[in-house]
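**Q** Would you be able to build a 3D model of this:
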Amino acid sequence: MSTSYPADRTDTAHFAWDKRWRTEEGRADWLQPSEDVSVLISKLQRKAPLKALDLGCGVGRHALAFARAGFDTHAMDLSQSGLDQLNASAEANGLEVSTHLAPMTELPFADQSFDYVLSFNVIYHGDPAIVKKAISEIARVLKPGGHYQGTMLSKRNVNFGVGTEIAPDTWVREGDDDKDHPHFYCNASELVQLFNAFELMSLDDKEHSKPGSWHWHMIAERTGS
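**A** The predicted model follows:
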């Protein structure tokens, strides 16, 4: 990973994840698709062929599921080690996945080019300006009527308010994992406002594997024409 990433950027969590993806132990908990992602893939599969993007793909658990479903699959991340793992898995399984090294705020794709964009545990890594830019990029590359599925950090999460607030609702907790990088938290009404270019189809506050690890899980449709 390049060390020339701008010092004033707050979307820096990929440095921690790049380190994690380099070890088998670090990858072990991130190899199976999330259940709610698998459910939506099954529904969208009936509308195939679809062009799908896994934004912040990590080692590619969801991108590989897209490819198995027959989607025209693109995956992007700022972790080169994650993309390397994904490319190796795709080749080993005879799957086609186009991978891209790029930031979530500058998606290297044309306007209205995707039917489905997924960003799972990704776009809350940064301050409000970064989060808003990432959401605007998702809106830009989705076709009208296209589906967005993703997660955001809930203010019910036990880490909200812990550490140093470096920007509104954006906290950094000293440690040796991704919590050492900025995380943005929101409540339901704030989330709805952030995604005002979308029609919200579902929104659930779910606790992940660790106690108190509340995340918003959302599915939305891109509005407009």
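**Q** Give me the nearest residue to Ala16, chain neighbours excluded.
**A** Of all residues not flanking Ala16 in the chain, Asp178 sits nearest, at 4.2 Å (CB to CB, 6 or more residues apart in numbering). In this view, the C-beta of every residue, glycine as well, is placed from N, C-alpha and C.
**Q** Now do the same contact list for the one you found.
**A** 13, 16-17, 125 (CB atoms under 8 Å, 6 or more residues apart in numbering).
**Q** now do Arg140
**A** Here Arg140 is in contact with 107, 111-112 (criterion: CB under 8 Å, 6+ apart).
**Q** how about the contacts of Asp178 in CSV, adding secondary structure and distance to Pro144?
**A** Formatted as CSV, the contacts of Asp178 follow (DSSP: H, G, I helix; E, B strand; the rest coil; distance: CB to CB, whole Å):
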residue, secondary structure, distance to Pro144
Ala13, coil, 31
Ala16, helix, 36
Trp17, helix, 32
His125, coil, 28
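**Q** out of those residues, which are buried?
**A** 13, 16-17, 125 (16 or more other CB atoms under 10 Å).
**Q** could you pull out the strands for the chain?
**A** 51-55, 72-77, 98-101, 114-119, 142-154, 164-167, 170-172, 183-186, 198-207, 214-222 (DSSP state E).
**Q** winner for burial among the ones you listed?
**A** Comparing the strands of the chain by mean neighbour count (mean count of other CB atoms under 10 Å), strand 51-55 ranks first with a mean of 26.
**Q** give me every residue that touches the nearest residue to Val141 once chain neighbours are set aside.
**A** Distance criterion CB to CB, 6+ apart; nearest residue to Val141, sequence neighbours excluded, is Phe109 at 4.8 Å. Residues near Phe109 by CB under 8 Å, 6+ apart: 53, 74, 141.
**Q** before we move on, back to that, nearest to Arg27, out of the strands of the chain?
**A** Arg27 lies closest to strand 72-77 among the strands of the chain, at 13.4 Å (CB to CB).
**Q** who does the closest one touch, helix- and strand-wise?
**A** The contact analysis (3 or more CB pairs under 8 Å, 6 or more residues apart in numbering; DSSP states H and E) places strand 72-77 against strand 51-55, helix 61-68, helix 80-92, strand 98-101.
**Q** Point out the most buried one among these.
**A** Highest mean neighbour count among those (mean count of other CB under 10 Å): strand 51-55, a mean of 26.
**Q** What pairs with that strand, parallel or antiparallel?
**A** Strand 51-55 sits in its sheet next to strand 72-77 (parallel), strand 114-119 (parallel), going by DSSP bridges.
**Q** which stretches of this protein have low pLDDT?
**A** Applying pLDDT under 70 to the chain picks out residues 1-5, 176, 225.
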